[in-house]
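Peer 1: The sequence isn't on hand, but the structure is:
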């Protein structure tokens, strides 16, 4: 009964609007009629669109490339040159910004993309079996030789090196595409127990129309309560024709070293699962069912550490997700319901426990205003092996409203409320956090924006270990103002002031205030100079003791061109002054300067690719924590080909 009750708000909210039909923004891609002609993208944009960008890639590729659209009578268009397509089938999606924010087409992008099949090139067989081969190769290296140090250290290492080599093989025959890519990394100073060489990535892929299979390193993303993130290794198969979706996978729960778990999950870190989905109304309504099961042993991972909360786990999770974009994309709804049978610690006798999690959210967008709201509830014993950790026993709600009076004025309101241990289990820490914000922006002239806002927050927490933790129970209030000024292509200036007050409301009644000011900017004259300084000052005080703390900092980043495209002086430096009661004034100074000689023009002339920079680098550090100022000089070479 409880499961059906939790499903009701998700299904009812979507069902009550699924029959709505209206004119929607349309994106279309027209394949070239003749070889050598471009692909033409057209976008029937709604009123108020500020910009639109198409992201595209050949089927089977990992990285997207971008193409901006330009306004024309009746819409926005862009042409993709034939020599940049790189295949007979491309995947693409659109991002555009209007008064309500950034929107993606098709709905669900970039996780869901549109496909375009291209005609065969001249001379290609009618059945599309002409084979193309490609061997991508890329190498990066960084070398440094220390030539001078003012403070000598016995047996100090003076040579440092690192880099990586990426190598692949790709073959395309008609609509079939296969690739194998690997990346081998080298570190000259490995940590104890680590090798100089490591396999950073190894992946094989086969793609045919709407099918894709891969083996090796990959990333997965199905839903908030099931699985997501990179660092996976194993194998998977995906079918997606924009209407029906199917995905099955067998991967490791941890990032493993060497070739371990490359094709099949290693014992103790296996995660098996899959998902099926379907889309209605031209992709505006989508649902998906996700199922996964497995076991996790964090001690086998290479990037986990030895945190005590990392335990061996086992369990299964099933989830149903739904998304809808209705009423000309003005109304968007999303939700998920998940249940788990989960043992968070295989080394204790507790065993598996069943629990649930669910979320429901929606947004309404118009040209002049937008509103959003969401709610999520995660049970105390809910868990999933698809994420390294998930905090349970939590309820949260958030909402917001944005108003655009005209292109120059905007107002934003938001509120968030979160409860941990809402049922007040006496053996668990209980926490409550509420935050409200209000901010406005005014742009009286192109490139110049004034901004101001206020915030209020309250936190309540009960710690079993120490009930006197300062500000565990507190109220916070703040206000800010400032401006952003873009002075054309050569300069920019930004200024902000933040005022905050905090008051203890629990066993600790300490109160305090703080003021922070930041002034930053940049100026550049192409091929001559670029300077970007930042000045900040912060002061805080405890009302009870009257003690004041202050910190002042100045940072400068600059580049000076000595010989165009050949010789450059790069400067980075900072000064910091801290005044602390009882400790007095402490200062520190850091300067990093490099005389850089560019070898890139030579590589481009000889090989038409590659970048390289040879530099003489000077570093100066002075701090009261050091007995004397430290000076270093070294030769560096950074190379990419």
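Peer 2: Ah, there it is. Source: prediction; values computed, not measured.
Peer 1: which residues in the stretch 201-350 of the chain form strands?
Peer 2: Applying DSSP state E, counting those that start in this stretch to the stretch 201-350 of the chain gives strands spanning 211-221, 228-240, 244-252, 270-280, 285-296, 313-326, 331-343.
Peer 1: of all the ones you listed, which lies closest to residue 413?
Peer 2: Set against residue 413 and scored by C-beta to C-beta, the strands of the stretch 201-350 of the chain come closest in strand 331-343, at 19.1 Å. C-beta here means a position set from N, CA and C on the backbone, and glycine is covered the same way.
Peer 1: what lines up beside the closest one in the sheet?
Peer 2: When sheet partners are counted by DSSP bridges, strand 331-343 sits next to strand 313-326 (antiparallel), strand 353-365 (antiparallel).
Peer 1: I'd like to know the average pLDDT value across it.
Peer 2: Averaged over strand 331-343, pLDDT sits at 94.
Peer 1: okay, now residue 563: neighbour count?
Peer 2: For residue 563, the count of nearby residues is 9 (other C-beta atoms under 10 Å).
Peer 1: ok so, going back, nearest to residue 630, out of the strands of the stretch 201-350 of the chain?
Peer 2: Residue 630 sits nearest to strand 228-240 of all these, at 37.4 Å, using C-beta to C-beta.
Peer 1: and stretch 559-571, how far out from the chain's middle?
Peer 2: Relative to its chain's centre, stretch 559-571 lies at 33 Å (C-alpha atoms, centre = their mean, to the nearest Å).
Peer 1: Please apply the same query to stretch 315-335.
Peer 2: Centre to centre, stretch against its chain (C-alpha atoms, centre = their mean), the figure for stretch 315-335 is 21 Å.
Peer 1: looking at the strands paired with strand 331-343, which is closest to residue 527?
Peer 2: Residue 527 lies closest to strand 353-365 among the strands paired with strand 331-343, at 43.6 Å (C-beta to C-beta).
Peer 1: Please name the strands paired to whichever helix or strand comes after that closest one in the sheet, noting orientation.
Peer 2: Proceeding N to C from strand 353-365, the next assigned helix or strand is strand 369-378, under DSSP states H and E. Partner strands and pairing direction for strand 369-378 (DSSP bridges) are strand 353-365 (antiparallel), strand 394-406 (antiparallel).
Peer 1: Just put the strands paired with strand 331-343 in TSV and tack on distance to residue 263, mean neighbour count and mean pLDDT.
Peer 2: Shown next, in TSV, are the strands paired with strand 331-343 (distance: least, C-beta to C-beta, whole Å; neighbours: other C-beta atoms under 10 Å; pLDDT from 0 to 100):
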stretch	distance to residue 263	mean neighbour count	mean pLDDT
strand 313-326	23	22	94
strand 353-365	32	19	94
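Peer 1: thinking again about what came up before, can you lay out the strands of the stretch 201-350 of the chain as a markdown table showing distance to residue 517?
Peer 2: Formatted as a markdown table, the strands of the stretch 201-350 of the chain follow (distance: least, C-beta to C-beta, whole Å):
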| stretch | distance to residue 517 |
| --- | --- |
| strand 211-221 | 41 |
| strand 228-240 | 38 |
| strand 244-252 | 48 |
| strand 270-280 | 49 |
| strand 285-296 | 47 |
| strand 313-326 | 43 |
| strand 331-343 | 39 |
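Peer 1: which SS state does residue 606 fall under?
Peer 2: Following DSSP: H, G, I helix; E, B strand; the rest coil, residue 606 is assigned to helix.
Peer 1: per-residue confidence at it?
Peer 2: Residue 606 is assigned 87 on the pLDDT scale.
Peer 1: And for it, the neighbour number?
Peer 2: 9.
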